[in-house]
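Asker: sequence? don't have it. structure:
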């Protein structure tokens, strides 16, 4: 029996990526389509973004060193984009299918083994490789290209870990955050007090052979008013899809988010004021920079909730495919907390959404002509 | 100057809707594309879904009676779908552009007036009409067609208001919820105790000339394992986009959602068990019926957070387009709480996502043949 | 059994139409998506385009008077586009399903009755209504909107009947053709000598109760160099799809077309010269204004071949669905030659392709800035 | 200035390819998306298809030996497709940008140098690399995957050179053609008499330092009735787009094609008969196996016209970018006739169209259930 193939490895409309590759195949990569011609392209920056995503960066992440080297396959010449598809490829170095042999008899709890089997009729080692965190390499590489485009518009995206587990969240001024500030913390939390709490949460989980979830906050500054499409292409709707498409993401909120659901309109409405630069601004930003799905020129701010990693070092009581009870135990070391590594992925997906919206908004025929 | 047009009035891939129409134009409607031929079509059910969305159904909603009558323009013959585009149209009866004259000089706080102006160079009365709740008529009509298709798969979607404002949420057994139970409550909350709290919240907001937000919970039963696409088309990613595309929605979470972000893996993992029907089931459902973006055969459950309606009966301090301070006041009566009316819209969008996933998963060549 | 629905009632990417409606349903229409906001909109011009498509305009076309009146359902306010979906609708006046009763027992030769049955499991009266010429009303209406946009770029499309049957083709200067010149001839051929030959061919076919095919030539002037996408979105590839999507079209050629296949490169190459306006021009135009799929600033010229109408007044020997031999005879009067009515449809589809390419080419970020 | 990027390197909807790579970059490749899981995959067959496309196969093609080796980057495991994106890559071996230096000052006549410059603001060496025949490597590799899928449906595509230059066309029985018969001729014409004429035409062009155009005929057998979508996705419309997207293709006709435009309906209509296998067949096949855009179960037959290669060994009088007259002369040896090498490209694009249509037609919910 042949089962249907994946139709959704492509993301975006005007600025568009297609990712490919399994964790246990030859490599992983991305084709970026629709990127304007003549854009300065710096491969070192793509590599840098990938390095931030890589495991083994601190004692809080798995020590497996993948040291992924990205190579350009097409679309670039003499340091500039050609306007043609940009293919970026990262070879897999460390293929150890043996580690995953147990999956063949039993689906791992809260992994995608079982659902991939039901979809494709194949065991996880194969199709499930697309559910692996390694698939996100293509996203991060594509997001780095999007970032180069967004710089031309003065747009900047920064994400950080705002909380892990039950700890109180970080308290920072969103507009002041930079990647340097974020990366100064091994857990990528720019509020030192919160970072300390987060480290403690992760260390406790590690000590318990357990994993722990958390929240990433992302801000985008410099986005002009008018980006995003009404109805189904609302900027926050695209961001929500982008976030929930990241492995382990279970929730999304923009601006006041779930708090808005507990509030009154008189508290939540963002009254207008005249800004110093002669454009309308809002006094508050409960809308998170997006009203009616379209950017209003304020800082875009949203949060993404990540569940704890499903792979834990503890024995789990479950059943095999035949329904026979068994004790499931993962071998090897694993990330107790994916949050620090999720930060560059959140940024990449955000940049892809914004680059798409940016190009979409350029379609102004006869701009500047009187009519 | 010509500004770019909307590119995103279409939702879905295999089962696809395109909505059209402004609140102040001739009417609103939807074209449903990709619906299989030969499906029994009952216009009364489309009308029934629209009636649930309509204002003026109880003392908790605005008394404006729109009494929208839906008409079939194409795609149906003798009570069956033809496999061709189904166009459904609802004429506007009550066009009172005068009510909105004040928008021409000042953008209403937390409405889309300002962002539409920045996007299209047009004042809200026109383009902004797509940001109106009236645009959702097309979604609800399209969702009713999707529901007729989903019934063939034994899939059923039910949504309800689980909380409003600061009140504690409803406590119900998700799988037992029905639309009858939901509609038995004027605030569409099937837990009588919670319903009473919600009524109190809404009445308090009404008394204060204010509005109040809330949360809608939605469950889908009967979804077979294997629906949803990996990577960017994850079932929960599509649901997140669908929810955030609804006016006033500011947050989405699936399964344990934001709570998962505060939890340990050992608590959140859904261990497998053998079900009475011979298929693998999970002991818990923290995944919300979706693992790795693909349905696992458990009940799909998610929540959508809605901010309080931006239109309130209180004087708001803001500025006009020229930056001059003014006191903004809405005339006429308005919904203190959109939540009860959001319920059928949430169901419609959910049904559209699932119908799309259902058709996607049918693409099995040579099904049942040995290879 | 449910059969798959139509997935391709949508055409275009940035400027996009979705047509709907059957010849025997309530009506037919189109939703135009992506049209820029602020464009002057003249409904009379849409009606005028539809009038040119209508049957019964001369003794050479079927006398059935459909007198289709188009109505705006959305997207227009005070004579301008809103940037939102534009829905245009034409009610069906004359529904005579009885005329087509014979189809229920036997498929008409070279109609779509049999193939629609095999696709949808439904007889022609229903699904087959989308194969009817009446479906093209939506295209012509959408094309009229595209034309309003193209005028801003100085682009003009004119098509005419260049030959019918075995008659020699029209000899004209493509760039001098106008719709007035074309419509001055009842067979829409602007070369009087060729028009006379065409009239004779049609009259002969009419006298024989037969139909006859022909060729439509289309030219586009004012298209700037640089429109069209490389690889799969070549301008001529999109035009080819557009033409072959018109009922009865069986062939397409651009520039020298099939003649180029019989020629040498030294004859076919278009050498460059410097134009009086300071831009590069070509000495010849065998490329038909398109090189490598991208417009080169010369006149775009192509031809579309239409087979004779399948409906003829002669007895045809065929079989019914059960395979029983029968003599098939169409009742009522029918067009002996669809060519004159195909002219506005060819223009409409061409305008849709060009409007899409025009918007695509606008996506230039930071245009005019130094880098 | 940044110019817009290519949006159309993707072809297909359900079975979809994205090609990437320039002739002067690192390599070229393709990502195949939507291919069903579990399909037997034979890399040797992909290589074989690429070998047929390669230059240097006979004295009639350019002697440049590219010897392209294709490698799998993703989507395959243990000889089967995973249902995930299949990335296939061919490294460039022979990068000689020097050969093309003259393009920097003058656009080559009837090449895409000038149009790419106008589109992207870049000289041909870069963006123009996508207009090179080398881009078709990705198509041929993707088409080979499509062929493996089509075999499951019993569908077979064979193309051949039917004429070159002014020579009379090949006379063969379409259904009897095989690739072996075709490849038995160095010019890929299975009619020995026509092949001799074609060889003579090519040799004459070669002797004149000239190039010559020709026609490829393609037949598809085993296509069941019901494939193809009505309206814009007609099977012949998709084939027309596919053919015109091939470099140098200037015309397309299906069935009787342009001849139908010169004919009467009474001659062109395909009367039905009952076939020996109990299904309806047609007595003639002027429709070319497609009626109303949908396959009717007969052999699909169409022709694609290719202009002579623009690169010729003769001096051409043209101008440089500044408008200065010059004599243009290509150095090195070039194909006098691209037709033999176009054959596998025509087959590949045809197979991509049919694989897409095949998967589209599988979306039958509840197939085989009574309703």
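Answerer: Cool, got the structure. The structure displayed is predicted, hence computed values, not measured ones.
Asker: could you list the low-pLDDT ranges of the stretch 101-250 of chain A?
Answerer: For the stretch 101-250 of chain A, the stretches flagged by pLDDT under 70 are A:101-103, A:124-128.
Asker: for chain C, what are the nearby residues on it?
Answerer: A:149, A:152, A:153, A:230 (CB under 8 Å from any CB of the partner chain). C-beta here means a position set from N, CA and C on the backbone, and glycine is covered the same way.
Asker: Serialize those residues to a markdown table and add fields for secondary structure.
Answerer: Listed next are these as a markdown table, based on DSSP: H, G, I helix; E, B strand; the rest coil:
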| residue | secondary structure |
| --- | --- |
| A:149 | helix |
| A:152 | coil |
| A:153 | coil |
| A:230 | coil |
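Asker: same for chain B: which of those residues are within range?
Answerer: Counting by CB under 8 Å from any CB, the members of these near chain B are residue A:230.
Asker: which one of the residues of the stretch 101-250 of chain A next to chain C has the most neighbours?
Answerer: In terms of neighbours by other CB atoms under 10 Å in any protein chain shown, those top out with residue A:230 at 28 neighbours.
Asker: what residues does that one make contact with?
Answerer: Counting by CB atoms under 8 Å, 6 or more residues apart in numbering or on different chains, residue A:230 touches A:292-294, B:6, B:8-9, B:112, B:116, B:119, B:127, B:130-131, C:84.
Asker: and which of the residues of the stretch 101-250 of chain A next to chain C is nearest to chain B?
Answerer: Chain B lies nearest to residue A:230 out of those, by CB to the nearest CB, at 4.8 Å.
Asker: tell me how many other residues crowd the nearest residue to that closest one once chain neighbours are set aside.
Answerer: Leaving aside its sequence neighbours, residue A:230 sits nearest to residue B:130 (CB to CB, 6 or more residues apart in numbering or on different chains; 4.8 Å). Using other CB under 10 Å, the number of residues around residue B:130 comes to 32.
Asker: what's residue B:130 in contact with, if anything?
Answerer: Residue B:130 touches A:230, A:231, B:6, B:9, B:22, C:82, C:84, counting by CB under 8 Å, 6+ apart.
Asker: most neighbours among those residues, please name it.
Answerer: residue C:84 (33 neighbours).
Asker: that one against residue B:135, yeah?
Answerer: No: assessed by CB atoms under 8 Å, residue C:84 is found out of contact with residue B:135, at 9.1 Å.
Asker: identify the contacts common to the two.
Answerer: Common neighbours of residue C:84 and residue B:135 (CB under 8 Å, 6+ apart) are B:22, B:129.
Asker: name the SS class of the residue nearest to residue A:37 when sequence neighbours are not counted, please.
Answerer: Leaving aside its sequence neighbours, residue A:37 sits nearest to residue A:83 (CB to CB, 6+ apart; 2.8 Å). Following three-state DSSP, the label given to residue A:83 is coil.
Asker: I figured residue A:83 hits residue D:122, correct?
Answerer: Yes: Residue A:83 lies in contact with residue D:122 (CB under 8 Å); the separation is 7.0 Å.
Asker: between the two, tell me which one has more neighbours.
Answerer: Neighbour count, other CB under 10 Å: between residue A:83 and residue D:122, residue A:83 has more, with 27 against 20.
Asker: so the more buried one versus chain B, what's the distance?
Answerer: Going from residue A:83 to chain B by CB to the nearest CB, to the nearest Å gives 20 Å.
Asker: check what pLDDT that residue gets.
Answerer: At residue A:83, the model reports a pLDDT of 89.
Asker: wait, residue A:344 touches residue A:57, no?
Answerer: No: checked against CB under 8 Å, the pair residue A:344 and residue A:57 is beyond contact range at 10.5 Å.
Asker: if you count surrounding residues, which of the two has more?
Answerer: A count of neighbours by other CB under 10 Å puts residue A:344 above the other of residue A:344 and residue A:57, at 26 against 18.
Asker: in the helix or strand that contains residue A:118, which residues are buried?
Answerer: Assigned by DSSP states H and E, residue A:118 belongs to helix A:113-120. By neighbour count with 16 or more other CB atoms under 10 Å in any protein chain shown, helix A:113-120 contains the buried residues A:113, A:114, A:115, A:116, A:117, A:118, A:119, A:120.
Asker: what's the answer for stretch A:180-187, then?
Answerer: Residues of stretch A:180-187 classed as buried: A:181, A:182, A:183, A:185, A:186, A:187 (neighbour count, 16+ other CB under 10 Å).
Asker: helices and strands around whichever helix in chain A runs longest, which ones?
Answerer: When chain A is parsed with DSSP state H, its longest helix is helix A:339-360. Secondary-structure packing of helix A:339-360 (3 or more CB pairs under 8 Å, 6 or more residues apart in numbering or on different chains; DSSP states H and E): helix A:43-53, helix A:136-151, strand A:156-164, strand A:214-221, helix A:235-244, strand A:300-306.
Asker: how close does residue A:209 get to chain D?
Answerer: Per CB to the nearest CB, residue A:209 is found 31 Å from chain D.
Asker: please name the residues that touch the residue nearest to that residue when sequence neighbours are not counted.
Answerer: Nearest in space to residue A:209, with sequence neighbours left out and distances taken as CB to CB, 6+ apart, is residue A:313 at 3.3 Å. Residue A:313 is in contact with A:209, A:210, A:329, A:330, A:333, A:334, counting by CB under 8 Å, 6+ apart.
Asker: same check on residue A:252?
Answerer: A:239-240, A:243-244, A:302-305, B:240, B:244, B:251-253.
Asker: secondary structure element for it?
Answerer: Following DSSP H and E, one finds residue A:252 within strand A:249-254.
Asker: can you tell if the following helix or strand past that strand touches chain B?
Answerer: Next helix or strand after strand A:249-254 toward the C-terminus (DSSP H and E): helix A:257-260. Yes: against chain B, helix A:257-260 shows contacts by CB under 8 Å from any CB at A:257, A:258, A:260.
Asker: distance check, the residue of the stretch 151-300 of chain A found nearest chain D against residue D:5.
Answerer: Nearest residue of the stretch 151-300 of chain A to chain D: residue A:152, at 6.9 Å (CB to the nearest CB). Distance of residue A:152 to residue D:5, computed by CB to CB, to the nearest Å: 13 Å.
Asker: ditto for residue A:86
Answerer: Counting by CB to CB, the separation of residue A:86 from residue D:5 is 9 Å.
Asker: swap in residue A:88?
Answerer: Residue A:88 sits 15 Å away from residue D:5, going by CB to CB.
Asker: cool, and residue A:54?
Answerer: Plainly put, residue A:54 is 28 Å away from residue D:5 if you go by CB to CB.
Asker: looking at these two, which is more packed in?
Answerer: The neighbour comparison of residue A:54 against residue D:5 (other CB under 10 Å) goes to residue D:5, with 30 against 18.
Asker: next, count neighbours for residue A:275.
Answerer: 13.
Asker: ok, and the most crowded of the residues of helix A:257-260 next to chain B?
Answerer: Counting by other CB under 10 Å, top hit in those: residue A:260 with 27 neighbours.
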